[in-house]
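**Q** this one's sequence-less:
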């Protein structure tokens, strides 16, 4: 029999009925009959094919981070209305030493994990140490402050059960450090439970990929890849138990099916409707559109391992081969804002410059005319991204560049991209924390360009060897004056506009469509600020 908190409990009758109904949906592209959603159950349809793991030390994909944020509490949070304002999570107070290197965090009293274990400073210490020891994709968020597997035991400690101490290697901008502790890697796991599930020195990673050990509003019951994620509420959540007993996140890849299920009342929220579908239902009294500008950027990347794509002329020419306004005005109508720099609007140091337009003649001149190369573009196999990839394919053809599309599910495409085995890649990037360095480090830093490099930024994935820009990016994190720091990031962005293997197309405006009876569903300003905790339902219209 599974112990409390392991996510293996037998579902109650209502949940079993809901699971059975959703199993029917999984087998049919269109359901034959309406299945009314119970008033204390939340059902959302979205594309969840990108989930690889639900361990917060490993999560580095959009859907996984969203789900993790509803399972775990982080050390700190930011205000959704002002991302520069830091708020308490597991820590309710904090301070930094005069030398700027030692941070003390005071653990909020009275919090418990879903297992019933108390949340202590020792849990926070274990959580951060395991991130550094495991050294998985998001570990660099902590590693950039000098934490390594060799020193983490001495630099992250708990002098008592209520105090966490973290000592950085240099005096970084405190705003940056606090912002990083709002990221998914700052989720606090139940040390006692995770240690009991560890095997072969993995710090519980294999188990935690498909189970949960958090203190957040929901616990994980089931994750079936490309099918469903089921969450059960945590009745003793410190901010108050969610109204929804269960949250179902159903993988429905076809936006048309999402719309049908929403209109029939079979789901509460649809996350992937097209602009045309949203426009067709915007005046319905029983449905409601929600929008939130995100920090997420959609971009095209050129692998610099390619002899063809590494040419400076090619890097610049492709920036004139994207129909920016056509994409934003048609495929993404209402769901994107033009944006061509690497730091999103609303962040410190964001640069409001969009110098590139669709100009095939200029691109051909930069390339010297003649027959263009043949390349492959990897893209996630979802409607919106495929349409954008097809637009890129057509616009590149105007300069004689033949683009073959290679669609795949989210995990396949990301795995290939992270292995540096692509030509062109089109996808989405969201800041890991609400500070400009998150994107500057990703796009403009590559300390070791070898295949053995440990800091696997986007620049590294595209084999872009940039020692000078890497040095500039590293220096910016030490600037404690916000004005000077903002100027540093603006200069980095201008250099990247002049020459980089990245073409930033736009900034995302996230859209969801919910039934009018649904209240309290929050999209938030980041990909991991989507919250189900406050969802309630009123009587049907």
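**A** Alright, I've got the coordinates. Because the structure is a prediction, the values reported are computed rather than measured.
**Q** next, count neighbours for residue 57.
**A** By other Cβ atoms under 10 Å, the residues close to residue 57 number 29. (C-beta placed from N, C-alpha, C; glycine too.)
**Q** where does residue 342 sit: helix, strand or coil?
**A** Taken by DSSP: H, G, I helix; E, B strand; the rest coil, the conformation at residue 342 corresponds to coil.
**Q** show me the contacts for it.
**A** Residue 342 makes contact with 297, 439, 440, 442, 443, 444, 492, 493, 496, 502, 504, according to Cβ atoms under 8 Å, 6 or more residues apart in numbering.
**Q** surely the second one is in contact with residue 433?
**A** Read it as residue 439. No - the criterion here is Cβ atoms under 8 Å, and residue 439 misses it with residue 433 at 10.0 Å.
**Q** these two: which is more packed in?
**A** In this view residue 439 and residue 433 are compared by other Cβ under 10 Å, and residue 439 has more residues nearby, 27 against 24.
**Q** can you report phi and psi for the more buried one?
**A** Here is the backbone geometry of residue 439 (degrees, to the nearest 10): phi -80, psi -40.
**Q** so it versus residue 116, what's the distance?
**A** As for residue 439, its distance to residue 116 is 40 Å (criterion: Cβ to Cβ, to the nearest Å).
**Q** again with residue 320
**A** Per Cβ to Cβ, residue 320 is found 60 Å from residue 116.
**Q** try residue 493
**A** Counting by Cβ to Cβ, the gap from residue 493 to residue 116 is 49 Å.
**Q** cool, residue 73 as well?
**A** Separation of residue 73 from residue 116 (Cβ to Cβ): 15 Å.
**Q** residue 320 and residue 116 - which one has more neighbours?
**A** When neighbours are counted by other Cβ under 10 Å, residue 320 and residue 116 differ, and residue 320 comes out ahead with 21 against 12.
**Q** surely the more buried one touches residue 357?
**A** Yes - assessed by Cβ under 8 Å, residue 320 is found in contact with residue 357 at 7.1 Å.
**Q** where does this protein have low pLDDT?
**A** Along the chain, the parts satisfying pLDDT under 70 run over 1-36, 540-541.
**Q** separation between the residue nearest the centre of it and residue 432?
**A** Nearest to the geometric centre of the chain sits residue 62, at 3.5 Å (Cα atoms, centre = their mean). Distance from residue 62 to residue 432, counting by Cβ to Cβ: 11 Å.
**Q** mind checking which of the contacts of residue 342 are in strands?
**A** Among the contacts of residue 342, the members falling in strands are 297, 502, 504 (criterion: DSSP state E).
**Q** in the stretch 351-500 of the chain, what residue spans correspond to helices?
**A** For the stretch 351-500 of the chain, the helices defined by DSSP state H, counting those that start in this stretch cover 360-367, 383-397, 410-418, 436-444, 458-461, 467-476, 482-498.
**Q** out of these, deepest packed?
**A** helix 436-444 (a mean of 27; mean count of other Cβ atoms under 10 Å).
**Q** flag every buried residue along stretch 513-521.
**A** For stretch 513-521, burial by neighbour count (16 or more other Cβ atoms under 10 Å) applies to 513, 514, 515, 517, 518, 521.
**Q** the fifth one reaches residue 268, doesn't it?
**A** I take that to be residue 518. Yes - assessed by Cβ under 8 Å, residue 518 is found in contact with residue 268 at 5.0 Å.
**Q** now for these two: what residues contact both?
**A** By Cβ under 8 Å, 6+ apart, residue 518 and residue 268 have these common neighbours: 42, 535, 537.
**Q** is the first one in a bridge, and if so with what?
**A** What it means is residue 42. residue 247 (DSSP bridges).
**Q** so how far is residue 234 from it?
**A** Residue 42 sits at a distance of 14 Å from residue 234 (criterion: Cβ to Cβ).
**Q** out of the two, which sits in the busier spot?
**A** Ranked by neighbour count (other Cβ under 10 Å), residue 42 and residue 234 place residue 42 first, with 28 against 22.
**Q** contacting residues for that one?
**A** Applying Cβ under 8 Å, 6+ apart, the residues contacting residue 42 are 244, 246, 247, 248, 268, 269, 518, 532, 535.
**Q** in TSV: the residues you listed, plus distance to residue 285.
**A** Below are these laid out as TSV (distance: Cβ to Cβ, whole Å):
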residue	distance to residue 285
244	23
246	27
247	25
248	25
268	16
269	17
518	14
532	24
535	20
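**Q** nearest to residue 66 among the residues you listed?
**A** residue 532 (9.3 Å; Cβ to Cβ).
**Q** how many residues are close by the closest one?
**A** When neighbours are counted by other Cβ under 10 Å, residue 532 registers 25.
**Q** tell me how far it lies from residue 246.
**A** Separation of residue 532 from residue 246 (Cβ to Cβ): 10 Å.
**Q** and for residue 270?
**A** Note on residue 270: its distance to residue 246, by Cβ to Cβ, is 18 Å.
**Q** with residue 280 instead?
**A** 30 Å.
**Q** who's more crowded, the two?
**A** Set residue 280 next to residue 246 and count neighbours by other Cβ under 10 Å: residue 246 wins out with 22 against 12.
**Q** wouldn't the more buried one be in contact with residue 37 here?
**A** No - contact criterion Cβ under 8 Å: residue 246 and residue 37 do not qualify, at 10.4 Å.
**Q** so residue 438 sits against residue 429, correct?
**A** No - in this structure, residue 438 is not within contact of residue 429 by Cβ under 8 Å, at 9.5 Å.
**Q** okay, now residue 160: neighbour count?
**A** Counted with other Cβ under 10 Å, the neighbours of residue 160 add up to 10.
**Q** in contact with the closest residue to it other than its chain neighbours, which residues?
**A** Distance criterion Cβ to Cβ, 6 or more residues apart in numbering; nearest residue to residue 160, sequence neighbours excluded, is residue 121 at 6.8 Å. If you count contacts by Cβ under 8 Å, 6+ apart, residue 121 has them with 105, 107, 158, 160, 161, 162, 163, 164.
**Q** which of those residues lies at the shortest distance from residue 313?
**A** For those, the closest approach to residue 313 (Cβ to Cβ) belongs to residue 105, at 50.5 Å.
**Q** the residue found closest to residue 354 once you drop the neighbours it is linked to in the chain and residue 473: what is the separation?
**A** Closest residue to residue 354 apart from its sequence neighbours, by Cβ to Cβ, 6+ apart: residue 340 at 4.5 Å. Distance, residue 340 to residue 473, using Cβ to Cβ: 19 Å.
**Q** do the same with residue 245
**A** Distance of residue 245 to residue 473, given as Cβ to Cβ: 46 Å.
**Q** same deal with residue 525?
**A** Distance, residue 525 to residue 473, using Cβ to Cβ: 23 Å.
**Q** same check on residue 327?
**A** Distance check for residue 327 against residue 473: by Cβ to Cβ, it reads 29 Å.
**Q** which residue lies farthest from the center of the protein?
**A** Here the centre of the chain is the reference, and by Cα atoms, centre = their mean the most remote residue is residue 370, at 40.7 Å.
**Q** tell me which residues touch residue 346, please.
**A** Applying Cβ under 8 Å, 6+ apart to residue 346 gives the contacts 83, 293, 295, 525.
**Q** and the furthest pair within those?
**A** Within these, 83 and 293 form the most distant pair, 11.2 Å apart (Cβ to Cβ).
**Q** which residues do those two both contact?
**A** Each of 346, 525 lies in contact with both residue 83 and residue 293 under the rule Cβ under 8 Å, 6+ apart.
**Q** compare the two (neighbour count), which wins?
**A** Under the criterion of other Cβ under 10 Å, the comparison of residue 83 against residue 293 puts residue 83 first, with 22 against 16.
**Q** hang on, that one packs against residue 434?
**A** Yes - assessed by Cβ under 8 Å, residue 83 is found in contact with residue 434 at 3.8 Å.
**Q** find the residues that touch each one of these two.
**A** Each of 347, 525, 526 lies in contact with both residue 83 and residue 434 under the rule Cβ under 8 Å, 6+ apart.
**Q** OK, contacts around the closest residue to the first one other than its chain neighbours?
**A** In space, and not counting its chain neighbours, residue 347 is closest to residue 436: 5.0 Å by Cβ to Cβ, 6+ apart. Residue 436 makes contact with 343, 347, 348, 349, 350, 476, 485, 486, 489, according to Cβ under 8 Å, 6+ apart.
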